[in-house]
Structure formats: C-alpha cells, structure tokens
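Novice: 3D, please:
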Amino acid sequence: MHVTHLSLADFRSYARVEVPLEPGVTAFVGPNGQGKTNLVEAVGYLANLGSHRVSSDAPLVRMGAERAIVRAAVRQGERRQLIELELNPGKANRARINRSSQVRPRDVLGILRTVLFAPEDLALVKGDPGERRRFLDELVTARSPRMAGVRSDYDRVLKQRNTLLKSAAMARRHGGRSMDMSTLDVWDQHLARAGAELLAQRLDLIATLQPLADKAYEQLAPGGGPLALEYRPSAEGTAHSREELYEQLIEALAGVRKQEIERGVTLVGPHRDDLLLKLGQLPAKGYASHGESWSYALALRLASYDLLRAEGNEPVLVLDDVFAELDARRRERLAELVAPGEQVLVTAAVDDDVPAVLAGTRYVVAAGEVTRA
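Specialist: Reported below is the predicted structural model:
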C-alpha cells in the first residue's frame, strides 16, 4: 500500500499544494515551521480521521478559510482509490471515495493505513492513561474499521449517561427532589454492551502485540528488555469473552452507582482503563531512562507496523522529525528496521538528520512551497 499523490487545500499553512509520491523513502527536508509535518499530518488524518498533534479539527484549517480539503490517491496492488475529506470545524465533515457521492467520513477508514513515529510518542510511556488508550483504540480501528462505529457509540452513550448523572448530582446537592434513575439501568446496558466489544478488541490486541513489542525493543536496545504490556481495567475481573465482559461491566457499574451519583460522572468503563508498560519488573513510567522510554515508544510503533503488515496491507510508515531526537545508535537501528517498508515518509530539519540507509526522493519545504530536490 502506498500514496501516489497528496493534494491539500487550505490545510494548515497550505493554501494549495500538490505532491506526487512514489514507493520507497520520501524525505521532506526544511527548517522548522515551514510545513513539513503538515504534509504527513494530512496523510495520517486520512488514515485515522484525526491528527497526532491536536484533538480538534479547527487548527487544521488555514487561517481565514472556512474549510480544508485533504485528498490522496492510494494504490494497493492493482487497486487504485481516491479518498477525500472536507474538514468543516463546528459542522459535520464530509468524505468522498473515488469522487462518488458523499459517504460517511468513517467509511474511508481502512483504505489507507499508516503507522506514525513522532516526538509526541514519548507520551505513550511518560504521559497519562488517555495517551495509551488512544494508541490502543487507533490500532484496534486500523485492524477492524468497523470499530470506529463501536467507539462512536460508546462515546455517545457515555456522554448521555454522564449528563444524567450530573443532573442527579446537582439535584442532590441543592436539596431538590431525587430524580427517577430507572433510565440509568438502560444506559448501563448500552454502555456495557459497547464497552465489552471495545474491551475484547483491546485485550486481543495486547496479547498479539506483546511478543512483537518485545522483539522490537530487543532490536532497538539489545539486552534491555523484556517488555510487558499489562491491561489495567477499571472494572476488575478476569473475563475475556464479550458476554463475560458485559456482565463484568454491569456488575462493576452497579457497585459504584452511589459514588457515581454523588460525583456526577461515570467511574467504570474502557474510558477509565490504562495500559501498564513494564520494563523488566518495573513500570516504565517513572523508572525508565529517557533513552529507554524512547526505545519503548518506538518498539510499540514498530510492533504496530509488524502487526498490520502481517494481517494484510502493509501500512505507510511516517517518521516525523524522529531522528533528531535519537542518539546515533538508536537512529541507525531504527533506520535499518524501517528502510524495507513499501512507503516511508520522513521529515527532517536538515539532510544530515536523515540516515544514509534511507536514501530516496527528497523534497525541500520552505515558505509554503514543496519542491523536489
């Protein structure tokens, strides 16, 4: 799988730009702040319907513009597809496939798959649980695009349930009449059903990813492991099947209902879970050195790439300003591991930051212009 052409209109710093792409390595080189990351961010957005840099779409639209267009031609074997997203902050985004009539944005998921390496990845190890949940869920969706709908359903039910709980908490604090909470049982069932599906997918992913991550870490930092990925659910238990997980969530929700009504928020579910990353016998967060943390984050991304490649279409590898963050040994090891990829997109401030093994097409990015070197 690879992108053959990227087209942007009013995306980030670009009023309009057209970038032909080829298989192999393509490096975008130029000083910081010139728009290199904007290009690979657009590729990632088409794959994940989200940015690795910001949580909302508004910053992605060029100042003064009403909307942004991101379009890419994707080739998988002999199959060619054109995907297009129109970003409309404050309104519904629009999508097209092969210039056909409008489809839902989530219908483009699975056409293009990417694995991104970026400085922000350090937050996988050092950041809060939300970073690790996002990592899991994006990879779950890359494996099974239908999970985008499950995640959307879960978020919708969670929002509705929290609204009910907040109203109940406000009524109690102000001495009003207690609310009829019978509808909470219905929301519990909806939350547990979607939550059980998401949990089952996360647990399966972790079991599959564990040996791949351990192998990748050994390749990056020989003798430094082993790694362990340990899921920490907010609803304690040992269930694994969807029905067992559903019952486990229902029981857990019942057990914390009093506290939830007092606090006005849902305390149990996948949105409260964490992924414990262990290096040897200790948690990586708080114990791993800076170099070890970087290697851990890179190992998770390499494992993701190996997993997706083994299960079907090889994803596009994106390395956004990563090499400048690494010491010489890790830089060379990472470059050697990713060089055989079908398509590798690299950003760097200077040519020297791109390892020699990643020789390929070069684009110079400066003042909003993308020029082939």
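Novice: Show the low-confidence segments of this structure, by residue range.
Specialist: Residues of the chain meeting the criterion pLDDT under 70: 175-180.
Novice: Spell out the residue ranges of the strands in it.
Specialist: For the chain, the strands defined by DSSP state E occupy 2-11, 14-20, 24-29, 68-76, 79-87, 94-97, 114-117, 227-232, 274-279, 282-283, 316-320, 343-348, 361-366, 369-372.
Novice: Ok, which of those comes nearest V54?
Specialist: Nearest to V54 among those is strand 79-87 (11.7 Å), distances taken as CB to CB. In short, each C-beta sits where N, CA and C put it, glycine included.
Novice: ok, back up a step: want to try a markdown table for the strands of the chain, with mean neighbour count and distance to E131 as columns?
Specialist: Output for the strands of the chain, formatted as a markdown table (neighbours: other CB atoms under 10 Å; distance: least, CB to CB, whole Å):
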| stretch | mean neighbour count | distance to E131 |
| --- | --- | --- |
| strand 2-11 | 20 | 25 |
| strand 14-20 | 16 | 28 |
| strand 24-29 | 22 | 25 |
| strand 68-76 | 21 | 24 |
| strand 79-87 | 17 | 23 |
| strand 94-97 | 17 | 27 |
| strand 114-117 | 26 | 13 |
| strand 227-232 | 17 | 14 |
| strand 274-279 | 19 | 9 |
| strand 282-283 | 12 | 15 |
| strand 316-320 | 25 | 16 |
| strand 343-348 | 25 | 21 |
| strand 361-366 | 18 | 28 |
| strand 369-372 | 14 | 30 |
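Novice: Is it possible to get a markdown table of those strands that adds distance to R53?
Specialist: Listed next are the strands of the chain as a markdown table, based on distance: least, CB to CB, whole Å:
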| stretch | distance to R53 |
| --- | --- |
| strand 2-11 | 13 |
| strand 14-20 | 15 |
| strand 24-29 | 16 |
| strand 68-76 | 14 |
| strand 79-87 | 14 |
| strand 94-97 | 21 |
| strand 114-117 | 10 |
| strand 227-232 | 25 |
| strand 274-279 | 22 |
| strand 282-283 | 27 |
| strand 316-320 | 9 |
| strand 343-348 | 12 |
| strand 361-366 | 16 |
| strand 369-372 | 19 |
